[in-house]
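here is the input, now give the coordinates:
(one chain, ligands or ions: 2)
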Amino acid sequence: MADEVLLSAKNLVKRFGGLAAVNGVSVDLWRGRIHAVIGPNGAGKSTLTNLLSGDLPPTTGTIHLGGAETTGRSPEKISRAGLGRSYQKTNIFLPFTVWENVRLASQSRAQRAASWLSSATSHSVTNERAEKAMVLAGLEHRREAIAGTISHGEQRQLEIAMTLATEPQVLLLDEPLAGMGTVEAERMVALLQRLKQAHAIMLVEHDMDAVFALADRLTVMVNGQVIASGTPEQIRADAGVRAAYLGE
Ligand code: ADP
Ligand code: MG
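Ligands and ions are numbered 1, 2, ... in the order given. Below you'll find the model as predicted:
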């Protein structure tokens, strides 16, 4: 699969009353690359994620996904066009098993395709997609575990498995390492490295070791604006970023 731009956002602005939470942000997400978005609390990172996923409409600016304009479309339509996101707040059904959760996520996709598939075909396609997502996320050995009893790190893996079960091209991940210990964080970093081969990933993350280990490109936001964008080397060397954000 050749590297290509799968998502392109231009000059996004989101105002909440007098506050410009996102103020003129452009970003391109490439298949095979991880694009990290960093910045202090309140910088506008989650708002940017919500604009790309359709959870919030932008005030101005445009978004293209896989060549088609998706600006202002519903999250369902944008999901169908190939975008998957994980939320900071989990969508997991805690009393259900790992497998049942991934199967349900896969089914939500199957229902959309049901009109042109027989129910037997649709059933096996749904199972295959769920199986693939569960294995890719590294949760095969936890298949029958009740989601509420697995570790925090495994729950975050499960969220990613559920997102993968919808077969997205573009993944938006909002703080996937939040609250993780060292071993869990290392496992998640390895998972994201595996996922980037076939996906375009936007990673919002505070863990700078993980960000610099994973990112091919970085965008630094402060007060809704991009103060720097480039390769990890360029960002590390940027005096403005060091002063404003890295605390040096
Ligand atoms: P980050 O994810 O970088 O911490 P957010 O995108 O959550 O930042 O927030 C950016 C700014 O927008 C903050 O000042 C926040 O209070 C404000 N904000 C976020 N969502 C809303 C909303 N729905 N209504 C009003 N203000 C909001
Ligand atoms: Mg946030």
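
C-alpha only now, for contacts and for neighbours.
Noted.

thought residue 62 was touching residue 13, still the case?
No. If you go by CA atoms under 8 Å, residue 13 and residue 62 don't touch, sitting 9.4 Å apart.

please say which of those two ends up with more neighbours.
residue 13 (23 against 19; other CA atoms under 10 Å).

am I right that the more buried one falls within a helix?
No. Residue 13 sits outside any helix when classified using DSSP: H, G, I helix; E, B strand; the rest coil, being strand.

buried residues in the helix or strand where residue 128 lies?
Element membership of residue 128 [criterion: DSSP states H and E] is helix 119-136. Using 16 or more other CA atoms under 10 Å as the test for burial, helix 119-136 gives 122, 125, 126, 127, 129, 130, 131, 132, 133, 134, 136.

just the CA coordinates for it, please, in CSV.
Taking C-alpha atoms only, helix 119-136 is exported to CSV below (Å, rounded to 0.1, in the frame of the first residue of the first chain):
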residue,chain,number,x,y,z
SER,A,119,-27.8,-12.8,6.7
ALA,A,120,-25.6,-15.9,6.7
THR,A,121,-22.9,-14.0,4.8
SER,A,122,-23.3,-11.0,6.9
HIS,A,123,-22.9,-13.1,10.1
SER,A,124,-19.7,-14.7,9.0
VAL,A,125,-18.2,-11.4,7.7
THR,A,126,-19.1,-9.8,11.0
ASN,A,127,-17.3,-12.6,12.9
GLU,A,128,-14.3,-12.5,10.7
ARG,A,129,-13.9,-8.8,11.0
ALA,A,130,-14.3,-9.0,14.8
GLU,A,131,-11.7,-11.9,15.0
LYS,A,132,-9.2,-9.9,13.0
ALA,A,133,-9.6,-6.8,15.1
MET,A,134,-9.3,-8.7,18.4
VAL,A,135,-6.1,-10.5,17.2
LEU,A,136,-4.6,-7.3,15.8
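
list the helices and strands it packs on?
Where contact means 3 or more CA pairs under 8 Å, 6 or more residues apart in numbering; DSSP states H and E, helix 119-136 is packed against helix 98-113, helix 152-164.

element containing the residue nearest the centre of the chain?
For the chain, residue 172 is the residue whose C-alpha lies nearest the centre (CA atoms, centre = their mean; 1.7 Å). If you go by DSSP H and E, residue 172 is part of strand 170-174.

list the strands paired with that strand, with their directions.
Paired strands of strand 170-174, with direction, are strand 83-86 (parallel), strand 200-204 (parallel) (DSSP bridges).
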